[in-house]
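Participant: Just need the structure, nothing else, for what follows:
(one chain, ligands or ions: 1)
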Amino acid sequence: MTTHIAIVGAGIVGLSHAVAALDAGYRVTVVEQDAAAVLSSIRNFGHVCTSVQAGELGELAREANPIWRSLAERVGVEARVSGTLAVARTEAEEGVLEELAALRAPAGSEMLDGKTAAAMLGVTAPTGIRSGLRLAGDITANPRTAVAKIAAWVDAHERGEVRFNTTVRGVSEEPRLTLETNRGDVAVDHIVIATGHLVGRLFPELAGDVRECVLQMARVKTPHVMGLGPAVLTGTSMLRYGAFEGPAQEALRTEMQAIRPDLLEIDANVMFTQQPDGTLLVGDSHRTFDAAPPFLDERWSELLLGEVASLLGTERLEVLERWQGIYATSADRDLLRETPLPGVSVVSVTTGVGMTIGPALGARTIADL
Ligand SMILES: Cc1cc2nc3c(=O)[nH]c(=O)nc-3n(C[C@H](O)[C@H](O)[C@H](O)COP(=O)(O)OP(=O)(O)OC[C@H]3O[C@@H](n4cnc5c(N)ncnc54)[C@H](O)[C@@H]3O)c2cc1C
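Facilitator: Next up, the predicted model:
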């Protein structure tokens, strides 16, 4: 009989496991508590930021990148190879970009002068852009449709099924490995728990260090005509991602502490991506809680929006929507990959790169079965 795998959670991590398992010939049942996946995987930038990851995250990101391309082709996920433009507005930021360009940038990447970098954003007014690093190969996906499209593909597969509105309450081992849900039990051969920041609800002993990182986001109209462009990172992004690490990054941190303590205070990563309808997803701030309060601080939103407005050479951006995103975070690790019981894999990304590496995690777990 075909081996049956149950996957808990229809976010990008769970569905990446589902696609890999179907490709490997298994029977798959995805179980999702909500009527649609509405948590981390639809609230993000959709930035598959392969080029700025380092170490293990870098390896996973490089494995995941071609899987995203195949999801676009096979599943119809809206994802385009947009590349990333990191812009420098100070000498210290430019130093970080030059260091990355010289040492670690993917083939096809190039340093741009300020005028060329600004032109990529459709900016003609002087906005202080000194230079930019165009990073090749990164992908921008539409996070609002991606997981719904993958779930529909899984559900339409002859060996696949997605059960929405079904909450998993626990896992039992005897007499067979079984998922206990509010709509009855499902006996299977293997279980993957991919419940994102809610991982501690089912396995509290594994997730003691996992907390909730809250981010403030907005979708805005473009202030001027822009073709569908790259994902855009700024100086605060250069303090965040592993590939920017190096002596120049330390100089930038010192500079930021002196001139932009306001951005450091909200742990900002000022960046945006462009969606198929042309609108921009703008963010973000970071704050960590045990239980995330729902309130958005308007001063923080104003700060982030003001930064992007000034980069794009406009007074004010027209906001279409605002929301809060939450992802799992841990001070000690970037990933949680455990086997609490025989036949049970628990996978959660505990830093904000699940869109970038999720497909590779799915492929690796399934290859290891
Ligand atoms: C604002 C924001 C911006 C981000 N930007 C990026 C980015 O640009 N690039 C990037 O790589 N990453 C980004 N991230 C991180 C990325 O979104 C996450 O790492 C990723 O979406 C996590 O996917 P997941 O499938 O583990 O979690 P989720 O998408 O949260 O999915 C988990 C699912 O499990 C379900 N579930 C939970 N408990 C149960 C249960 N008991 N029974 C049944 N179902 C259950 C939930 O309903 C949910 O649908 C961002 C995150 C946020 C919040």
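
Participant: What is the neighbour count of Thr356?
Facilitator: The tally of other residues near Thr356 (other CB atoms under 10 Å) stands at 29. All C-beta spots, glycine's among them, are computed from the backbone N, C-alpha and C.

Participant: So it belongs to a strand, correct?
Facilitator: No. Counting by DSSP: H, G, I helix; E, B strand; the rest coil, one finds Thr356 to be helix, located in no strand.

Participant: dump the residue contacts of it.
Facilitator: Thr356 makes contact with 47-50, 53, 57, 60-61, 64, according to CB atoms under 8 Å, 6 or more residues apart in numbering.

Participant: wait, isn't Ala101 in contact with Leu133?
Facilitator: Yes. Using CB atoms under 8 Å, Ala101 makes contact with Leu133 at a distance of 5.4 Å.

Participant: Quick check: neighbours shared by the two?
Facilitator: Contact criterion CB under 8 Å, 6+ apart; residues shared by Ala101 and Leu133: 109-111.

Participant: So which of those belong to strands?
Facilitator: 110-111 (DSSP state E).

Participant: can you redo the shared contacts of Ala101 and Leu133 as a markdown table with neighbour count?
Facilitator: Output for the shared contacts of Ala101 and Leu133, formatted as a markdown table (neighbours: other CB atoms under 10 Å):
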| residue | neighbour count |
| --- | --- |
| Ser109 | 20 |
| Glu110 | 12 |
| Met111 | 18 |
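
Participant: Just confirm yes or no for stretch 144-154 near the ligand.
Facilitator: No. Residues of stretch 144-154 contacting the ligand under CB under 6 Å from any ligand atom: none, with a closest distance of 7.0 Å.

Participant: Outside of that stretch itself, list whatever touches it.
Facilitator: Residues outside stretch 144-154 that contact it (CB under 8 Å, 6+ apart): 10-12, 15-16, 18-19, 22, 28, 30, 32, 36-37, 41-42, 46, 71, 74-79, 160-162, 275.

Participant: now that stretch, how far from the chain's geometric center?
Facilitator: Here stretch 144-154 is found 16 Å from its chain centre; the criterion is CA atoms, centre = their mean, to the nearest Å.

Participant: in it, what counts as buried?
Facilitator: By neighbour count on 16 or more other CB atoms under 10 Å, the buried set for stretch 144-154 is 144-151, 153-154.

Participant: With adjacent residues omitted, what lies nearest to the residue of the stretch 1-150 of the chain at minimum distance from the ligand?
Facilitator: Proximity of the stretch 1-150 of the chain to the ligand (CB to the nearest ligand atom) peaks at Gly11, 2.2 Å away. Among residues not flanking Gly11 along the chain, Ser41 sits closest, at 3.9 Å (CB to CB, 6 or more residues apart in numbering).

Participant: ok, and what's touching the longest helix along the chain?
Facilitator: The longest helix of the chain (DSSP state H) is helix 55-70. Residues outside helix 55-70 that contact it (CB under 8 Å, 6+ apart): 16, 19, 48-50, 53, 77, 79, 81, 137-139, 141, 242-243, 334-335, 351, 353, 356-364.

Participant: Just the buried subset of those residues, written out for ChimeraX, thanks.
Facilitator: Command for ChimeraX that selects the buried part of those, burial taken from 16+ other CB under 10 Å:
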select :16,19,48,49,50,53,77,79,137,138,139,141,242,243,334,335,351,353,356,357,358,359,360,361,362,363,364
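
Participant: How about the contacts made by the closest residue to the ligand within the stretch 201-350 of the chain?
Facilitator: Closest residue of the stretch 201-350 of the chain to the ligand, CB to the nearest ligand atom: Gly325 (2.5 Å). Contacts here follow CB under 8 Å, 6+ apart; on that basis Gly325 touches 40, 43-44, 214-215, 217, 283-284.
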